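Visitor: could you look at this predicted model? Sequence included:
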Amino acid sequence: MLDDALTLDASQVDSLRFDAAVCIVSEKLDLDTPYPVGCGMRNRSELPENLRWREFEDRRLGMIYAMDGGLWLHRHVWYGRSMAHLVSVDRELLLAYGREVGLPADRLQFKPLKDPRTGLRRDAWHWDLIGEFLPEKRSRP
């Protein structure tokens, strides 16, 4: 077990890879037992129906979808690296997605967002998806 923290800058993030099994550190679990967790993004069609995100060319439509409780995948570039936010006002749905693909719950980020229909801020959460957690872009028909 490592006792030292590891700090990476943005240029090192893409080179990270994760093993398919990790030891979850908890007082409630046998610390010597490896517990398999998901690692990386599976094909969207393999996810349970309720955990399938949607992408929108129109950012406003994506935000409305997220404000209505859907999972909105919003792609962008950060420090030259492709990434996406998976956004929703439904925290439990985002946590279920995280469990399905192996994202640690403490990485879910809270950020109130403005509902474009009302102009009012609402509680919302998002995952930062990079590297193996970033879904491949689908070609448009």
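Guide: Good, I have the coordinates.

Visitor: count the neighbours of residue 133 for me.
Guide: By other CB atoms under 10 Å, 21 other residues sit near residue 133. In short, each C-beta sits where N, CA and C put it, glycine included.

Visitor: contacts only, for residue 126.
Guide: 85-88, 94, 108-109, 111 (CB atoms under 8 Å, 6 or more residues apart in numbering).

Visitor: who does it form a beta bridge with?
Guide: Beta-bridge partners recorded for residue 126 (DSSP bridges): residue 87, residue 109.

Visitor: need the helix or strand of the protein with the lowest average pLDDT.
Guide: strand 21-22 (a mean of 34; mean pLDDT, DSSP states H and E).

Visitor: thought residue 122 was touching residue 110, still the case?
Guide: No. The criterion here is CB atoms under 8 Å, and residue 110 misses it with residue 122 at 11.5 Å.

Visitor: ok, these two, which is more surrounded?
Guide: Using other CB under 10 Å as the criterion, residue 110 and residue 122 rank with residue 122 on top: 12 against 9.

Visitor: partner residues bridging the more buried one?
Guide: Beta-bridge partners of residue 122, as defined by DSSP bridges: residue 113.

Visitor: the longest helix in the protein is where?
Guide: helix 91-101 (DSSP state H).

Visitor: how near is residue 137 to residue 65?
Guide: For residue 137, the distance to residue 65 equals 18 Å [CB to CB, to the nearest Å].

Visitor: which one's more surrounded, these two?
Guide: Of the pair residue 137 and residue 65, residue 65 is the one with more neighbours under other CB under 10 Å, namely 18 against 11.

Visitor: show me where the chain dips below the pLDDT cut-off.
Guide: Under the criterion pLDDT under 70, the flagged ranges of the chain are 1-44, 139-141.

Visitor: mind listing the helices for it?
Guide: Using DSSP H, helices in the chain cover 10-13, 59-67, 91-101.

Visitor: with distance to residue 46 added, can I get those helices in TSV?
Guide: Shown next, in TSV, are those (distance: least, CB to CB, whole Å):
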stretch	distance to residue 46
helix 10-13	25
helix 59-67	21
helix 91-101	10
